[in-house]
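[1] My questions are about this predicted structure, shown below with the sequence.
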Amino acid sequence: MTTATKDLKRLAEEASVELADATAAEALAWTAETFGDRFIVAANMQDAVLVDLAVRAKPNVDVLFLETGYHFAETIGTRDAVEVTYPSIRIVNAEAEQSVADQEAEFGPLNRTDPTRCCFLRKVVPLRKTLANYDAWVTGVRRVDAPTRANTPTVQWDDRNNLVKVNPIAPWTDEEFRAYIDSHGILENPLVGEGYLSIGCAPCTAKPLPGEDARSGRWAGLAKTECGLHG
Ligand code: SF4
């Protein structure tokens, strides 16, 4: 581990304590002040909540979109609408080295035969390459998303990608999240209105069953619950 990485890790550990009870606005203000141009906000384009919060701290913030090539048309449309709504941001489309067509020609439908490998090639590797250009990233992970996310802190060290990870809306309940969308008129992916509560790639996203958590529709029927980005 380099000295710079050790310093960042220590910073994350200290901030994890100091910002444990910070509001989303406070966490993002700290992120902007601490990292300047060296942080990026991840957006899955299910909605623009995190982008809306982030531009209040840094209007020209970088926004990361994992362009896997397997998204719903509505998700790509939401990305484009976010770009128009927040013209000062810069959207960084992180793509896999192979196109979908080339990957399927070489390996077949990996999203059915080996989704972990597919996510690795189309999400984990592009994310890692993009994050190598930054000291921190901001995510929209919330504790209520799924049992695997129940202990998500506001600030943490991201061991996989070697940078600081900030989760400003980690404590938000579904009601608080919905209230922010409604009171600020936030853009949402039209699929949310159709019952998709956690939107990923089209082949791996279904509507959750009644009473199940929002992410239960992701890789439905498989043991897989995370892409390898957060857990
Ligand atoms: Fe591939 Fe599905 Fe993972 Fe998208 S979510 S990268 S289609 S396995």
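    Yep, it's here.

[2] ok, the residue most central in space within the chain to the ligand distance?
    What sits nearest the mean C-alpha location of the chain, by Cα atoms, centre = their mean, is Ala42, with 4.2 Å. Using Cβ to the nearest ligand atom, to the nearest Å, one obtains 15 Å as the distance from Ala42 to the ligand. Every residue, glycine included, has its C-beta placed from N, CA and C.

[3] My guess is Ala29 contacts Ala57. True?
    Yes: proximity of Ala29 to Ala57 meets the contact threshold set by Cβ atoms under 8 Å, at 5.1 Å.

[4] of these two, who's got more company?
    When neighbours are counted by other Cβ atoms under 10 Å, Ala57 comes out ahead of the other of Ala29 and Ala57, with 21 against 16.

[5] Pretty sure that one sits against Leu28.
    Yes: here Ala57 reaches Leu28: they are 4.0 Å apart, a contact under Cβ under 8 Å.

[6] Now do the shared contacts for the two.
    Where contact means Cβ atoms under 8 Å, 6 or more residues apart in numbering, no residue is in contact with each of Ala57 and Leu28.

[7] C-terminal to the helix or strand of the chain with the lowest mean pLDDT, what's the next element?
    Here the helix or strand of the chain ranked lowest by mean pLDDT, DSSP states H and E is helix 3-18, holding a mean of 93. Following helix 3-18 in sequence order, the next helix or strand is helix 24-35 (DSSP states H and E).

[8] List the buried residues for that following helix?
    When neighbours are counted by 16 or more other Cβ atoms under 10 Å, the buried residues of helix 24-35 are found to be Ala24, Ala27, Leu28, Ala29, Trp30, Thr31, Ala32, Thr34, Phe35.

[9] cool, stretch 131-145 as well?
    Buried residues in stretch 131-145, counted by 16+ other Cβ under 10 Å: 131, 134-145.

[10] Mind picking the lowest-pLDDT entry from those residues?
    Checking pLDDT across those, the minimum falls on Asp145 at 87.

[11] Give me every residue in the chain lying close to the ligand.
    Residues of the chain lying close to the ligand by Cβ under 6 Å from any ligand atom are 68, 70, 111, 115, 118-119, 122-123, 200-201, 203-204, 227.
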